[in-house]
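>>> The following comprises the amino acid sequence and a computationally predicted model.
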Amino acid sequence: MSDALEKAEAAVAKAEHNTDVLAVAMAALELAKAAQTQQPAPAAACQHQHKPGRSTGEWLGIGCAVCVGGVGIAFASIAIAIGGISVAILALVLRGMWADYQKRK
């Protein structure tokens, strides 16, 4: 008889434990439902003023300025290269003249 009583007590304890687990699961389901039905809070409106974007004419002007600047840089690079070549030729001519001058002495 005590064996049956022990089994009954174990069954009651297990049932109580299952009831607690079921209550926790039901509470979790209720929280999930509440989270889904809640409306998101509206975002706060900006307080600063936004600058309007550039117009097409402004972008065309910027593009033209960049192109003209690029052509100017290209011409400046060519001028620097020509100047460098001129200096190199001058140095070679002067060196040759100096060599000739040294031979005469």
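That came through, no problem.

>>> Check the gap between Arg54 and Gly70 for me.
Arg54 sits 20 Å away from Gly70 when distances are taken as CB to CB, to the nearest Å. In short, each C-beta sits where N, CA and C put it, glycine included.

>>> what does Ile78 give?
13 Å.

>>> and if you look at Cys46?
Between Cys46 and Gly70 the distance, using CB to CB, works out to 38 Å.

>>> These two: which has the busier surroundings?
Looking at Cys46 and Gly70 with other CB atoms under 10 Å, you find the greater number of neighbours at Gly70, namely 10 against 7.

>>> ok, that one to Ala81 distance?
The span separating Gly70 from Ala81 equals 17 Å under the rule CB to CB.

>>> For burial, what's the neighbour tally of Asp20?
Asp20 is surrounded by 10 other residues when neighbours are defined as other CB under 10 Å.

>>> where's it, which helix or strand?
Element membership of Asp20 [criterion: DSSP states H and E] is helix 2-37.

>>> tell me the mean pLDDT for that helix?
Per-region confidence: helix 2-37 scores 67 on mean pLDDT.

>>> How about stretch 84-95?
Computed over stretch 84-95, the mean pLDDT rounds to 97.

>>> Mind listing residues that contact that stretch?
Residues outside stretch 84-95 that contact it (CB atoms under 8 Å, 6 or more residues apart in numbering): none are found.

>>> could I get that stretch in CSV with only the CA atoms?
C-alpha atoms of stretch 84-95 as CSV (Å, rounded to 0.1, in the frame of the first residue of the first chain):
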residue,chain,number,x,y,z
GLY,A,84,61.8,70.0,-68.3
ILE,A,85,62.9,68.8,-71.7
SER,A,86,64.2,72.3,-72.5
VAL,A,87,66.2,72.4,-69.3
ALA,A,88,67.7,68.9,-70.1
ILE,A,89,68.7,70.0,-73.7
LEU,A,90,70.2,73.2,-72.3
ALA,A,91,72.2,71.2,-69.8
LEU,A,92,73.5,68.9,-72.5
VAL,A,93,74.4,71.8,-74.8
LEU,A,94,76.3,73.6,-72.0
ARG,A,95,78.1,70.4,-71.1
